[in-house]
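Chemist: Need coordinates for the below:
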Amino acid sequence: MPILEETTTVDASEWLPDAEVAILPAGSTEQHGPAMPLCTDFMAAETVARGIADRADVAVLPTVPVGVSAHHRHFHGSLWVSEDTFESYLTEILESLPDHGVEKAVIVNGHGGNVGSIGRIANELYRSETAFVVPWSWWEGVGDTPGEVLPESTSVPGHAGAFETAMILYAAAELVRTERFEEAATGQGDGRRWPEPAPRGYDFADWTDNGIHGDPRPATAAAGEALFEAARDSLDELVDWLAAESVDNLRPREHK
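Modeler: Take a look at the predicted model:
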């Protein structure tokens, strides 16, 4: 099925009635250290979401590129919105779907800072009986694959380490500054601004000097392809279940 923003309203009138599940990719535009692009999070989510765009029962919606990222505010290029704004925006996008007959959706998330918000979005839409929404971050679907293609010490998802770097090397290698991998890996700082038992920090700059958490050097495009395939297959299975479920069975239970 076509990507929604790449079709016309006439074409959408022909295939959208067959869509059982909407896929909404969401991420962030934020720093990922000296080697990785600002689009890392939303590009990873979009890549996985578009991986199942050939299904006749799926509508892939436009990607939401800015998320809850104020903790990256010290680093150039980072953009952010408040949790309230992010939640209202995604909620209203998803509230527009039932008018087209689509009452089931998956938010494919690419940014850790969005996790709390997308959980609240799904909860609110479920309780209001507007739509059944599954919050799902793409790294939830990779299973044991990272251990098979990357060093055991790799953090999942980490931040601009080998895990995320591998995915972007697969999705858009031209955006990765591989010549800065050494700088990225060796300029992180000690990971804590204040000694225990004080908080580790509140902003990302409190625990990393150069904006990353991890080592990008082991990343390869082949590893990224394996991660993509694992996440895509997991999303495909999730959509299989969701598409087969009746809307009535996805409503809140009656009061006891």
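Chemist: where along the stretch 51-200 of the chain do the helices fall?
Modeler: Shown for the stretch 51-200 of the chain, the helices assigned by DSSP state H, counting those that start in this stretch span residues 83-95, 115-127, 145-149, 162-172, 181-186.
Chemist: so for stretch 99-107, what's the average pLDDT?
Modeler: Averaging pLDDT along stretch 99-107 gives 97.
Chemist: my bad, stretch 19-29
Modeler: What stretch 19-29 shows for mean pLDDT is 98.
Chemist: Give the full set of residues in contact with the spatially most central residue of the chain.
Modeler: By Cα atoms, centre = their mean, the chain has its centre lying nearest to residue 110, at 1.8 Å. Residues in contact with residue 110 (Cβ atoms under 8 Å, 6 or more residues apart in numbering) are 25-28, 40-46, 137-138. Every C-beta, even on glycine, is put in place using the N, C-alpha and C of the backbone.
Chemist: Return the set of buried residues in the helix ranked longest in the chain.
Modeler: In the chain, with assignment by DSSP state H, the single longest helix is helix 221-244. Under the neighbour-count criterion of 16 or more other Cβ atoms under 10 Å, helix 221-244 has 221, 223-228, 230-235, 238-239, 242 buried.
Chemist: Closest one to residue 10 out of these, please.
Modeler: Taking Cβ to Cβ as the measure, residue 10 lies nearest residue 239 of these, at 25.7 Å.
Chemist: ok, the closest one - contacts?
Modeler: Neighbouring residues of residue 239 by Cβ under 8 Å, 6+ apart: 21, 23, 52, 55, 57-58, 106.
Chemist: Apply 7 Å and report the result again.
Modeler: Residues in contact with residue 239 (Cβ atoms under 7 Å, 6 or more residues apart in numbering) are 21, 52, 55, 58, 106.
Chemist: What of residue 162?
Modeler: With Cβ under 7 Å, 6+ apart, residue 162 has these contacts: 150-151, 154, 214-216, 218-219.
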